[in-house]
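Student: Quick one: sequence plus predicted model below, questions after.
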Amino acid sequence: MAETMQDLLRRVEKPGRYTGGEFGEIRKEKRPGEVTFAFCFPDSYEIGMSNLGMKILYGALNANDFIRCERCFAPWPDMGDLMQSEDVPLATLESGTALRDFDIVAFSMGYELCYTNVLYMLRLAGIPLSASERKGKRWPVILGGGVCTYNPEPLAEFFDAFSIGEGEVSLCDFTRLYRDCRDEGKTKEEFLRRAASEMADEGIYVPSLYNASYNDDGTLRSFTPRDGAPAKIRKAVIEELDSAFYPECPVVPFIEAIHDRVMLETARGCIRGCRFCQAGMVCRPYRERSPEKLQTMAQRLVNNTGYDEISMMSLSISDYTKLPQLTDSLLEWTDKRHVSLSLPSMRVDSFYRELMEKVMSVRKSGITFAPEAGSQRMRDVINKNITEHDILTACETAFECGKSSVKLYFMNGLPGETDEDIVAIAKLGQSVLDCFFTSPSRKKGMSMAITLSVACFVPKPFTPFQWVGQTPADELLRRQKLLSHSITNKRITHNYHDSSVSFLEAVFARGNRNLAAALRRASERGFRFDSWDEYFKLNDWAAVFAETGIDPAFYANRTMSFDELLPWDFIDIGVTKKFLVSEAEKALCAETTPDCRTKCSGCGAMFFAGGNSVCRK
């Protein structure tokens, strides 16, 4: 490590964010002909080191002899300011190599409010922001991935390419193609044209090869490929999870991460079809790992990391078909080693006492459910497919097992929501509390705490609600106050999200290429860490939009027609637009759609490679 960086480490908070050298780190010697790949996470070290996708891709890339993949995270502002003042370029943790000296610099983007951090990191690295500014000189290929790439258009100006979908295989193929083109003496532009034409079915999208034009009202008129680029980009999908790469010795952070535990990915996709949920649509088809594979993975992960907690990860763990078998096999050794199991995403209609008693055998804690809406009408609108009886029955089971705190997740601003639906959230919280005090099996003297955590609805691409305008921020705030006033019991706590943050999230979630001007201006003004309360300032963003002549409400609050050309329509996720329209129309009538195991809804995902029997009926 250079002396300059050592000096900086003595002057910043949490220097462990920048040192590298953690247990499980992959440090490779430089080899002739290798491709160097900087995997960047545009948030703090603690957030990035909790990201399962980064762990998987870091390991998958380094499993190839010809790839040297290293990590980089967004420096906290104290470090970023020092790096700028001392002219120290942003570098990777493993070798301290400057980002600008890598072949490929990739960013994983899971949240729209990290966009300014991408530009912040490029500036710290000394890399020009726009792809057009990186021509004529040897600059890295700037690659984007993560769930935000299901609408990459607000960032199109800044990236050379995007990887859409599951990248374990496609990123390795992309890097191999880069090596081949480099060795053949091809230019970066020639490589990108080949990637666009040859890897469209693996989710590779090169935005410079597409021209977007707009109508006078700001809506998208056309989106046209050129130079042989395909009209559609098909997301990358891993066909079979048991054979997919999974890191058995992940990097163990020096400082505490947000999720500091073994993350055991049991399945991908979701069978439920909640109409607000982007992940439930873009991650289809549903696929599972076998209990035998998961058992082996769990033992190796615990042995190799020393963690004493295993979190079984999926969009809905209770939908894993062999959950009792998996849990029993894990408990055969986790109890003896005092390793706890957590089930973070249980559905209330699949909650049962036997499983609760098993996972409580090592560590007791509260329980979390996500009804999402307080009234039955709203739960039907969003296709949650649970009843108040389901919720109270699940809570009663938890109380019988000794749980003394319950957190319930909701949203406000959902399409068609009324004040009565908001008040119903408070009533449901009170019903859960009443259920506790009337439970005959609760322990005498035990207290109870109920937390109602309420987020603001954000319309997302590739959901049935993608066409619905977000409720204006001032109205969301009024409904938050209405809910607070409707809660009369001190044992019930109400937490809610900042509606202005959700507004900006909606702007970029549904945005197009015209938003690049605002992002560039925000970067020039030093915006960073917008997802952190201490750095987010809506007034500053309002000034940026005014300076660039952009109306953010056009993106966030406008309801779109079904026949409007959407900025993300060129992406094929498997789920058809026809199905999404059908679900949107059902929502207007509060008509539900059964889950995929009960009845196939014909969403289109079955035609994608992969998928278990649920998607092959």
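Tutor: Good, I have the coordinates. Numbers count the residues shown, from 1 in each chain.
Student: hey, which helix is longest across this structure?
Tutor: Within the chain, and with DSSP state H defining each element, the longest helix by residue count is helix 419-438.
Student: How far off centre is the helix or strand that comes right after that one?
Tutor: Using DSSP states H and E, the helix or strand that follows helix 419-438 towards the C-terminus is strand 449-456. Relative to the centre of its chain, strand 449-456 is centred 21 Å away, using CA atoms, centre = their mean, to the nearest Å.
Student: Ok, stretch 333-341 next?
Tutor: Relative to its chain's centre, stretch 333-341 lies at 29 Å (CA atoms, centre = their mean).
Student: That stretch: end-to-end distance?
Tutor: For stretch 333-341, the first-to-last residue distance is 11 Å (CA to CA, to the nearest Å).
Student: Same question for stretch 182-196.
Tutor: For stretch 182-196, the separation between the terminal residues is 16 Å (CA to CA).
Student: Surely Phe410 touches Val454?
Tutor: Yes - counting by CB atoms under 8 Å, Phe410 sits close enough to Val454 to count as a contact (4.7 Å). Any C-beta I mention is one placed from the backbone N, CA and C, and that applies to glycine too.
Student: Quick check: neighbours shared by these two?
Tutor: Ile425 (CB atoms under 8 Å, 6 or more residues apart in numbering).
Student: need the contact list for Gly145.
Tutor: Applying CB under 8 Å, 6+ apart, we find Gly145 in contact with 57, 106-109, 162-164, 167, 171.
Student: what does Asp569 give?
Tutor: Contacts of Asp569 by CB under 8 Å, 6+ apart are 223, 577.
Student: quick one: it from Asp419, how far?
Tutor: For Asp569, the distance to Asp419 equals 35 Å [CB to CB, to the nearest Å].
Student: go on, Ile238?
Tutor: Distance, Ile238 to Asp419, by CB to CB: 45 Å.
Student: hang on, Met263 is in a strand, isn't it?
Tutor: Yes - under the criterion used here (DSSP: H, G, I helix; E, B strand; the rest coil), Met263 sits inside a strand.
Student: Bridged to it, which residues?
Tutor: Note on Met263: beta-bridge partners Ser311, judged by DSSP bridges.
Student: What is the neighbour count of it?
Tutor: 21 (other CB atoms under 10 Å).
Student: Spit out the contact partners of it.
Tutor: Met263 sits next to 52, 55, 311, 313 when contact means CB under 8 Å, 6+ apart.
Student: Show me which pair in the residues you listed is furthest apart.
Tutor: Longest distance between any two of those is 12.9 Å, between Lys55 and Ser311; criterion CB to CB.
Student: give the contact list for Glu29.
Tutor: For Glu29, no residue meets the contact criterion (CB under 8 Å, 6+ apart).
Student: secondary structure class for it?
Tutor: In three-state terms, and counting by three-state DSSP, Glu29 is coil.
Student: Distance-wise, check it relative to Glu94.
Tutor: In this view, Glu29 and Glu94 are 11 Å apart by CB to CB.
Student: looking at it, Ile422 is touching Leu483, isn't it?
Tutor: Yes - with the criterion set as CB under 8 Å, Ile422 and Leu483 qualify as a contacting pair; they are 5.2 Å apart.
Student: Give the residues shared as contacts by these two.
Tutor: Common contacts of Ile422 and Leu483 (CB under 8 Å, 6+ apart): Asn412.
Student: And the residue nearest to Lys135 when sequence neighbours are not counted, how close does it get to Ala267?
Tutor: Distances taken as CB to CB, 6 or more residues apart in numbering put Glu189 closest to Lys135, at 7.3 Å, once the chain neighbours are dropped. Noted for Glu189: a distance of 40 Å to Ala267, by CB to CB.
Student: Likewise for Ser484?
Tutor: With CB to CB as the criterion, Ser484 and Ala267 are 37 Å apart.
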